[in-house]
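# Predicted model and sequence below, questions to follow.
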Amino acid sequence: MMSKSRKYTLMTRFLNLVEKTGNKLPDPIILFFSLCIILALITAVVSQFDTHVKHPGTGDVITVKNILSHDGLVMFLNDAIKNFSTFPALGIVLAVMLGIGVAEKSGYFDTLMIHLVSIAPEKIILPVIIFIGMIGNVAGDAAPIVLPPLVAMIFMKLGYHPVAGLALAYASTLGGFAANIFIGMQDALVYAFTEPSAHLIDKNIKMNVAMNWYFIAASTFFLLPILWYVTKKIVIPHLGPYDASQYTQSMPLKKATLTSKETQAVHYANISFIGTLLLIALLALPENSWLRNEKTGSLIEDAPLMNGIGVILILVFVIPGLVYGFKAGTIQSSKDIGRMLTEAMASMGNFIVIVFFAAQLLAFLTWSNLGIFIAVKGAEALQHQNGVVLIIGLLTLSGLINLLIGSASAKWALLGPIFVPMFLLLGFHPAFTQMIYRVGDSVTNPITPMIPYLPLLLTYAQKYDKTMKLGTLISSLMPYTLFLAVFWTLFLLLWYFLGLPVGPGGPIYHN
């Protein structure tokens, strides 16, 4: 008992240190504003020295230019608004959010998760919960909010400790953040920063939103038995039997049952969802399909299917969202649809502001040539390193930074302009570099205090155990992080050794 208490104390101290350090960091918006100023000052200093390198794309000899010079200030005034409005992939992110917003605000996502869990046979309930948690990422904020309290109640009925249910749902949703069988908002968000980062080196490189799909889909099924094992063999025995005297009704939780009207609505919505996917597949199959590249017949390279993936994703989510809303009564008129679309855009306000400053940061890196200078020098320093070392290095860095900055898009906006060009010069395609980051970012999600869902999860846990503290809760989540970090990394390395593409148009190497 003494050693167990000491472990909790050390864990609590570590998390308190991480939380204090993270809280001292400015808001991501202010962070990027500050980085723009710092970058300008760095160019003013570095430009005074001999900084010439050969541009890997054009072969021209370039030097670092001073942003605080006359030409630099003129560039900023002339291009600041254009940098923001033409930021690559900003449109596709906002467009996809329109579709997801309707599906979420209509109640379709919430009801779908409750429905799937409620109809699952008891023998396979754990795998079903894990699967729903991972694919629930496509539902945005719905999964980590709705699923944990629902699973906690199910665990009580099964005779398990309800906090084990909270931990499982939370770890499946956020630990498996980069695993999904569907292309969704997270793919669009990271792509928004990968594309301009790659263009620092090669403006002609081909990329698309779905370029990680093969790996994230395979990861969904690879991680499922791992998460099941951690839950069944470690977390449930660790928490032991539940003392019902600790249960309190002080906080109402999400209902676990559906009305007949909601059940019927989700049934029709599911049919429309599957029907939409089948229709797209049928339209794409013919050799002369208008969704293919007119010259090559490809469904990937410069094909309407990939070029229009944003519109397709809107339809895939809007159609079942509307069907559910009309059938369940959550949509009564066109005004309700307008409200849902508006609320969906309002939720992207923070992202839009971050993009404004991130766009200036990328523009500064491009105009000053500092981005290319860092990439070339970094690639030269790492060119003799083993690919495994590079992969584990970026993966570890991503996981550690995740303990201090919660926003996945903000972290990649910070790391992408450095590592995408650097890895590109080392021969790695941006799709693979992006995938390394996504895995590293996901594995520490269950334990980072910088994600706002963790305090919510603690509130849920205190409903079942009034004495529950953050350190105790984290001790139930830590095994998920450890197992994900080890086995998902091995899976990524196996994928790398096999040389398999991580998605359509997403090879390991860039020729």
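Nice, thanks for sending it over. Numbering: from 1, shown residues only.

# now the stretch 1-150 of the chain, which segments are flagged as low pLDDT?
Along the stretch 1-150 of the chain, segments meeting pLDDT under 70 span 1-25, 55-58, 88-89, 139-142.

# Tell me where it has strands.
53-54, 61-62 (DSSP state E, counting those that start in this stretch).

# Any chance of CSV for these, columns mean neighbour count and distance to A169?
The C-beta positions use only the backbone N, C-alpha and C, and glycine is treated the same way. As requested, the strands of the stretch 1-150 of the chain are exported to CSV (neighbours: other CB atoms under 10 Å; distance: least, CB to CB, whole Å):
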stretch, mean neighbour count, distance to A169
strand 53-54, 15, 49
strand 61-62, 12, 51
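
# can you tell which of those strands is closest to R438?
Ranking these by proximity to R438 (CB to CB) places strand 53-54 first, at 29.7 Å.

# any idea how far K206 is from M306?
K206 is 9 Å from M306, where distance means CB to CB, to the nearest Å.

# Of the two, which one has the most company?
M306 (22 against 17; other CB atoms under 10 Å).

# I figured that one hits N208, correct?
Yes: the pair M306 / N208 is scored as a contact, 4.5 Å apart, by CB atoms under 8 Å.

# where in this structure is pLDDT low?
Ranges of the chain meeting pLDDT under 70: 1-25, 55-58, 88-89, 139-142, 244-256, 406, 450, 452.

# Name all residues that make contact with the most centrally placed residue in it.
With distances taken as CA atoms, centre = their mean, Q186 lies nearest the centre of the chain, 4.2 Å away. Applying CB atoms under 8 Å, 6 or more residues apart in numbering, we find Q186 in contact with N137, V138, F177, A178, N180, A408, R438.

# Quick check: the gap between the nearest residue to the second one once chain neighbours are set aside and G378.
So the one you mean is V138. Excluding the flanking residues, the one nearest V138 by CB to CB, 6 or more residues apart in numbering is G184, at 3.5 Å. Going from G184 to G378 by CB to CB gives 32 Å.

# quick one: which of those two has more around it?
More neighbours surround G184 than the other of G184 and G378, with 21 against 17 (other CB under 10 Å).

# Just read off the phi/psi values of that one.
The phi/psi pair for G184 (degrees, to the nearest 10) reads phi -140, psi -160.

# right, and it touches V93 too?
No: checked against CB under 8 Å, the pair G184 and V93 is beyond contact range at 11.1 Å.

# Common neighbours of the two, please.
Common neighbours of G184 and V93 (CB under 8 Å, 6+ apart) do not exist.

# From what I see, V353 and I30 are in contact.
No: between V353 and I30 there is no contact under CB under 8 Å: 10.2 Å.

# And for stretch 501-511, what's in contact with it?
202, 205-208, 210-216, 299-301, 306, 424, 427-432, 435, 495-496, 499-500.

# what about the helices in the stretch 201-350 of the chain?
Using DSSP state H, counting those that start in this stretch, the helices found in the stretch 201-350 of the chain span residues 213-229, 236-239, 260-284, 304-307, 309-328, 334-346, 349-368.

# Tabulate those in CSV, adding columns for distance to F49.
Shown next, in CSV, are those (distance: least, CB to CB, whole Å):
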stretch, distance to F49
helix 213-229, 41
helix 236-239, 56
helix 260-284, 54
helix 304-307, 43
helix 309-328, 44
helix 334-346, 46
helix 349-368, 14
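
# Go through those helices and name the closest to T467.
helix 236-239 (13.1 Å).

# Show me what counts as buried in that closest one.
Neighbour-count burial for helix 236-239, counted by 16 or more other CB atoms under 10 Å, picks out I236, L239.

# Dump it to CSV, restricted to CA.
The C-alpha trace of helix 236-239 is given here as CSV (Å, rounded to 0.1, in the frame of the first residue of the first chain):
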residue,chain,number,x,y,z
ILE,A,236,-10.7,-3.2,-14.4
PRO,A,237,-8.6,-5.3,-11.9
HIS,A,238,-6.7,-2.1,-10.8
LEU,A,239,-9.9,-0.3,-9.8
